[in-house]
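Undergrad: my questions are about this predicted structure, shown below with the sequence.
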Amino acid sequence: MASEITIYHNPACGTSRNTLAMIRQSGEEPEIVEYLTNPPSRETLEELIRLMGVPVRAILRRKGTPYDTLGLDDPKWSDDDLVAFMLAHPILIERPIVVTPRGARLCRPSETVLDILPNPDIGTFTKEDGEIVARAKG
């Protein structure tokens, strides 16, 4: 059976790894899309942005990307242009994006995923950096 949860994941990203681990601790095994090697289509990316209800610029990643080289902070770029840049350079897509039956979110910080998990009661979770996330029952 296909999972009802999808994570657009970068295994090299600690926040993305923590988010994936929280999903698994909730009892779910998500569909994992390693978007750097399997980028979304334009339609999928536009749908993710729509589901999250955020401006296109809200999911543009700056750190470790060609953002500055491409001059993406220039307001001349339309949303269509910015989506095209993300499709051409998937590293520009901020991560991780998680989609569940309860919504879609950019999960930064990683515990944001708890707001949309079907079972957010994961108990105590320790992030890779040692930070503890405790989600109270109820």
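TA: Sure, I can see it.
Undergrad: N18: helix or strand, and which one exactly?
TA: When elements are assigned from DSSP states H and E, N18 belongs to helix 14-25.
Undergrad: flag every buried residue along that helix.
TA: Using 16 or more other C-beta atoms under 10 Å as the test for burial, helix 14-25 gives T15, S16, R17, N18, T19, L20, A21, M22, I23, Q25. Where you see a C-beta, it was placed from the backbone N, CA and C, and this is true even at glycine.
Undergrad: the closest residue to F125 other than its chain neighbours - how many residues pack around it?
TA: Distances taken as C-beta to C-beta, 6 or more residues apart in numbering put V133 closest to F125, at 4.5 Å, once the chain neighbours are dropped. Neighbour count for V133, taken as other C-beta atoms under 10 Å: 17.
Undergrad: for E31, same thing?
TA: Considering only other C-beta under 10 Å, E31 is surrounded by 13 other residues.
Undergrad: for V99, what are its contacts?
TA: V99 makes contacts with I5, T6, L48, L51, as judged by C-beta atoms under 8 Å, 6 or more residues apart in numbering.
Undergrad: hang on, the earlier thing: my read is that the residue nearest to F125 contacts T124, right?
TA: Yes - if you go by C-beta atoms under 8 Å, V133 and T124 touch, sitting 7.4 Å apart.
Undergrad: and the strands in the chain?
TA: 6-9, 31-34, 97-100, 103-106, 123-126, 132-135 (DSSP state E).
Undergrad: could you dump the ones you listed into JSON lines and include mean pLDDT?
TA: Shown next, in JSON lines, are those (pLDDT from 0 to 100):
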{"stretch": "strand 6-9", "mean pLDDT": "98"}
{"stretch": "strand 31-34", "mean pLDDT": "98"}
{"stretch": "strand 97-100", "mean pLDDT": "98"}
{"stretch": "strand 103-106", "mean pLDDT": "97"}
{"stretch": "strand 123-126", "mean pLDDT": "92"}
{"stretch": "strand 132-135", "mean pLDDT": "82"}
